[in-house]
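**Q** When you get a sec, could you give me coordinates for this:
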Amino acid sequence: MTTKSRRGRSTLPKSEARRRYIEMGELVALEQIRKDARKLDDGAVAVGPFARLDAEDVAARDGKTRGAITNLFGSQAAFQAETMALALDAGTWVERVQIPAHGDFATAEAWFDAFLAGQATRGPVHGAKPAVNDGFLWTLWLSALPYGLWSEQVSRPSMAEYVQWVERLEQAIGQALDHFAMTLREGTTTNDLACAIASLIEGVWLNQCLTKHHPCDRSEPVATLMRRSGRLLWRGATRKRSAA
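**A** Residues are numbered from 1 along each chain as shown. Predicted structure coming up:
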C-alpha cells in the first residue's frame, strides 16, 4: 500500500508525518555538524556558540569597540577560533584543581568524601550566572563535543586534558593509599580507579547542569549523588593492608 496519492501528497496521519520530518531534521542536523567538524581539521573555524561570538559585544565589556579585537586578532573569525581553541584546551585549569591534604583526615573515606564534595562544587551549577571557571568552561566544552565525533581538532585537546586529569587522580590515589595504609583489591589498578572517578565526576556534572538536587531524591543536593556513588567505587576498589 502506497503512502502517497497520485498528486504526490503523503497519506500518513498528521502525527506520523510530523514525526517523520522531525527525524529527518535530526539527521540533517547531525550531517551539518559532521560537515562543520571536517572544516575544523582544514583550518581554524569556530563552531557552536563560538561562531556567534560578537567581537563588538566582547570589546564593549572593556569599554572599547570591535576594532580593539580585530586589531589584535586580525578578524572576528580569528578571535572566535582562538577563543574556542582556548576553551577546548583547559589543561591549566586541571593544574589548579585543589585536592584535599590527606593529613587533614582520619580515614581514607573521609578524605575521599571531601575530595568529591570539592569536585561537585568545582562543577557547573544549574541556573547560576555564567562565569569563567572550571564548571562553566566545561559547559562550553560540551557545546563543542558533538564535533569531536568527526574532528581531531576538538578531540585531541579534550583527550590530552582527560589524560592529564587522570594522571593527577592516580597520583592522589597512590598517596592516599600509602597515607592510610591501604591497597587496591586484586585485579584493580590506580588507573582503573582514576578513570572510574573521572567518569563519575563528569557524569554527575551533567546532572548538575540540569538540577541542584539529587535526581531521584529532591531532599538531597546533587552533590550527594557524587559522594555516595564515589563511596561505592572506593570501597569496591580498595582495602586495608594486611598486617606484616
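
**Q** which residues does the residue nearest in space to the middle of the chain contact?
**A** Centroid-nearest residue in the chain, with Cα atoms, centre = their mean: W138, separated by 4.7 Å. Residues near W138 by Cβ atoms under 8 Å, 6 or more residues apart in numbering: 90, 123-124, 202, 205. C-betas here are computed from N, CA, C, even on glycine.

**Q** between the residues you listed, which is closest to R227?
**A** G123 (12.8 Å; Cβ to Cβ).

**Q** where does that closest one fall, phi/psi-wise?
**A** Backbone torsions of G123, given as degrees, to the nearest 10, read phi -80, psi -180.

**Q** Could you pull out the strands in this structure for me?
**A** Using DSSP state E, the strands of the chain run over 182-184, 213-214, 217-221, 238-240.

**Q** among the ones you listed, which is the most enclosed?
**A** Mean neighbour count, computed with mean count of other Cβ atoms under 10 Å, is highest for strand 213-214 among these, reaching a mean of 18.

**Q** now the one helix or strand in the chain whose mean pLDDT sits lowest, how far from the centre of its chain.
**A** One helix or strand of the chain scores below all others by mean pLDDT, DSSP states H and E: helix 91-96, with a mean of 86. Its chain's average C-alpha position is 14 Å from that of helix 91-96, according to Cα atoms, centre = their mean, to the nearest Å.

**Q** Send me that helix as CSV with only the CA atoms.
**A** Only the C-alpha atoms of helix 91-96 are listed here, as CSV (Å, rounded to 0.1, in the frame of the first residue of the first chain):
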residue,chain,number,x,y,z
GLY,A,91,44.9,21.9,30.9
THR,A,92,45.8,24.9,33.0
TRP,A,93,42.5,24.5,34.9
VAL,A,94,43.4,20.9,35.7
GLU,A,95,46.7,22.1,37.2
ARG,A,96,44.8,24.4,39.5
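
**Q** ok, so what distance separates T139 from L206?
**A** Distance of T139 to L206, given as Cβ to Cβ, to the nearest Å: 10 Å.

**Q** quick one: which of the two has more around it?
**A** Neighbour count, other Cβ atoms under 10 Å: between T139 and L206, T139 has more, with 17 against 13.

**Q** The more buried one touches H126, doesn't it?
**A** No. T139 is beyond contact range of H126, at 10.7 Å (criterion: Cβ atoms under 8 Å).

**Q** what touches both of these two?
**A** Shared contacts of T139 and H126 (Cβ under 8 Å, 6+ apart): C209.

**Q** Could you pull out the buried residues of the least confident helix or strand of the chain?
**A** 93-94 (16 or more other Cβ atoms under 10 Å).

**Q** Run through the neighbouring helices and strands of that helix.
**A** Secondary-structure packing of helix 91-96 (3 or more Cβ pairs under 8 Å, 6 or more residues apart in numbering; DSSP states H and E): helix 152-179.

**Q** what comes up buried for the helix it packs on?
**A** Buried-residue list, helix 152-179, by 16+ other Cβ under 10 Å: 153-155, 157, 161, 164-166, 168-170, 172-173, 176-177.

**Q** and the end-to-end length of stretch 48-66?
**A** Taking Cα to Cα, to the nearest Å, stretch 48-66 runs 21 Å from one end to the other.
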